[in-house]
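[1] Need coordinates for the below:
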Amino acid sequence: MAERRPSPGEPIARRAAALASDLKATDIVVLDLRGVTDMTDFFVIASGTSDTHVRAVAEHIQAGLKEGGVSTTMTEGLTQGRWALLDYADCVIHVFHPTLRQFYQLERLWGDATPLKLNAQITQGA
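    Next up is the predicted model:
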């Protein structure tokens, strides 16, 4: 496999996954999309347990990244809480209500992407 070029999206993705874990998001996955699409380099996918939880997780990620000097280029779905999308150009974060995550199955849709290894506390929503 060819070596992947460095991306400013990777530290954003890793930080976003940790922030999602802070608020007990579940099934947190980071997909490395370099070489798969030019749209973005990383997806972070996480689930909340309710509309309120989805909003809270997305807002926590947004605030935590902003503290580190990283601002979104676009957000979608924050008010509804079913599927919040935070676009950081090199990293796009998806926080889903479980039923929508199962419906859209982004992990399967982007099956050619390489999942990043995260520590078990993050992936399990510790």
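[2] mind checking the backbone torsions on the closest residue to Ala20 other than its chain neighbours?
    The spatial neighbour of Ala20 that comes closest, neighbours along the chain excluded (CB to CB, 6 or more residues apart in numbering), is Ala46 at 4.3 Å. Using the backbone N, CA and C atoms, a C-beta is placed for each residue, glycine as well. Here is the backbone geometry of Ala46 (degrees, to the nearest 10): phi -150, psi 160.
[3] And the pLDDT for the spatially most central residue of the chain?
    Nearest to the geometric centre of the chain sits Val44, at 2.1 Å (CA atoms, centre = their mean). pLDDT, Val44: 97.
[4] hey, C-alpha coordinates of the helix ranked longest in the chain in PDB?
    If each helix of the chain is counted by residues according to DSSP state H, the longest one is helix 51-67. The C-alpha trace of helix 51-67 is given here as PDB (Å, rounded to 0.1, in the frame of the first residue of the first chain):
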ATOM      1  CA  ASP A  51     -31.900  13.900  19.300                       C
ATOM      2  CA  THR A  52     -30.800  15.900  22.300                       C
ATOM      3  CA  HIS A  53     -27.700  13.800  22.800                       C
ATOM      4  CA  VAL A  54     -26.700  14.100  19.100                       C
ATOM      5  CA  ARG A  55     -27.000  17.900  19.300                       C
ATOM      6  CA  ALA A  56     -25.000  18.000  22.600                       C
ATOM      7  CA  VAL A  57     -22.200  15.800  21.200                       C
ATOM      8  CA  ALA A  58     -22.000  17.900  18.000                       C
ATOM      9  CA  GLU A  59     -21.900  21.100  19.900                       C
ATOM     10  CA  HIS A  60     -19.300  19.800  22.300                       C
ATOM     11  CA  ILE A  61     -17.100  18.700  19.400                       C
ATOM     12  CA  GLN A  62     -17.500  22.100  17.700                       C
ATOM     13  CA  ALA A  63     -16.700  24.000  20.900                       C
ATOM     14  CA  GLY A  64     -13.700  21.800  21.800                       C
ATOM     15  CA  LEU A  65     -12.200  22.200  18.300                       C
ATOM     16  CA  LYS A  66     -12.800  25.900  18.300                       C
ATOM     17  CA  GLU A  67     -10.900  26.200  21.600                       C
END
